[in-house]
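Chemist: structure for this input, please:
(one chain, ligands or ions: 1)
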Amino acid sequence: MKRFFIIALAFAVVLISAFFLAEKFFPAETYLLKNFIYNNSKNSFPAPEKDFFELNSDLSNLIENGAMLNDSLLLINETHPLPENYSPELIDLGGIYINSCAKEAYHNLADDIKDFYGNPLYIMSAFRTRDEQIEILESGNEYAASVDSSEHLSGLALDVYVKYYAGMGFLDSEEGQFVNSYCQDYGFIIRYPYYGEHITGIPFEPWHLRYVGLPHSKIITENKLTLEEYIESYIPGEIYHYENYFISRQKPDKIFIPEGLYEIVISPDNTGYYFITGKQ
Ligand SMILES: [Zn+2]
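Modeler: Got it, this is the predicted structure:
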């Protein structure tokens, strides 16, 4: 019996010292540099609890390590309206304001349209204030969403057109057909696709682009999904892979990021979770 206690005591001492040594060598701050090996034989698996970042305390540390926090995956609709105090980070494109995270994608798309067809891709409407959205509603525009459920409040939605071709007529132009066929390669989706009206509640809008970022735009389009279905398809806490991308939808209090991940984007989804996207 005595020998058993000695062995148990020795075992406990080893365990406790291992714990303190691990704390010393791998504090939370250095987690991004820590080796993390996991079994990738399945597409997804529950992330280990112990390796989570505390989002509130460590977000600045993540950003210092190159992570970007943006609004790209906010789900905005009648059941998930934006909070009244929401205010996006905007940039000015000559009098039209868009969410800053969509800037590069818009320029890439507009540059290619210009190269291929010689015409500029214009933005009719992007960011709208609540007051502007109310004004549009009061004017009886059948397409405008109710105040806080409009994506235009986030600046993530761009209503685009080319000269002579706007609205449904946008599809009659080569540029409109290009945008509707390839916008996903730039990080945009057709937010209200012809196949999604029964889910979005909004008829096909071939001019309303929504920035979600890569690779989400590709996955959504390749699988003919709406943003609603896409967000809901992620089981919180699980890890998903697409090409060399890591994607995970996680609780906001603790964020898990594997070692070696780069080009990290963290976005709330407006349903109570955060999306973590990065390259491996
Ligand atoms: Zn729109």
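Chemist: what about the helix or strand harbouring Gly176, distance to the chain center?
Modeler: Here Gly176, judged by DSSP states H and E, is contained in helix 174-182. Computed by Cα atoms, centre = their mean, to the nearest Å, the chain-centroid distance of helix 174-182 equals 23 Å.
Chemist: same thing with stretch 69-77?
Modeler: The answer for stretch 69-77 is 6 Å, by Cα atoms, centre = their mean.
Chemist: repeat that for stretch 77-84.
Modeler: Using Cα atoms, centre = their mean, the offset of stretch 77-84 from its chain centre is 16 Å.
Chemist: now the helices for this structure?
Modeler: Taking DSSP state H, the helices of the chain run over residues 2-25, 55-64, 103-117, 130-138, 174-182, 197-200, 216-222, 227-232.
Chemist: name the residue of the stretch 1-150 of the chain that lies nearest to the ion.
Modeler: Ser125 (6.2 Å; Cβ to the ion). To be clear about C-beta, it is placed using only N, CA and C from the backbone, and glycine gets the same treatment.
Chemist: okay, now the unreliable bits of the stretch 1-150 of the chain?
Modeler: 1-2, 4-58, 142-145 (pLDDT under 70).
Chemist: residue of the stretch 151-280 of the chain nearest the ion, please.
Modeler: Closest point on the stretch 151-280 of the chain to the ion, by Cβ to the ion, is His208, at 3.7 Å.
Chemist: spit out the contact partners of that residue.
Modeler: For His208, the contact set (Cβ atoms under 8 Å, 6 or more residues apart in numbering) comprises 151, 157-159, 190-192.
Chemist: can you narrow the residues you listed to ones near the ion?
Modeler: Checking those against the ion by Cβ under 5 Å from the ion, the ones in range are 157, 159.
Chemist: list the ones among the contacts of His208 that fall in strands.
Modeler: 157-159, 190 (DSSP state E).
Chemist: interface residues of the stretch 101-250 of the chain facing the ion?
Modeler: 157, 159, 208.
Chemist: go again with 6 Å.
Modeler: Applying Cβ under 6 Å from the ion, we find that the stretch 101-250 of the chain lies next to the ion at 152, 157, 159, 208.
Chemist: nearest to Ser267 among those residues?
Modeler: Distances from Ser267 to these, taken as Cβ to Cβ, are shortest for Ala157 (15.3 Å).
Chemist: relative to Tyr164, how far out is that closest one?
Modeler: The gap separating Ala157 from Tyr164 is 23 Å, by Cβ to Cβ, to the nearest Å.
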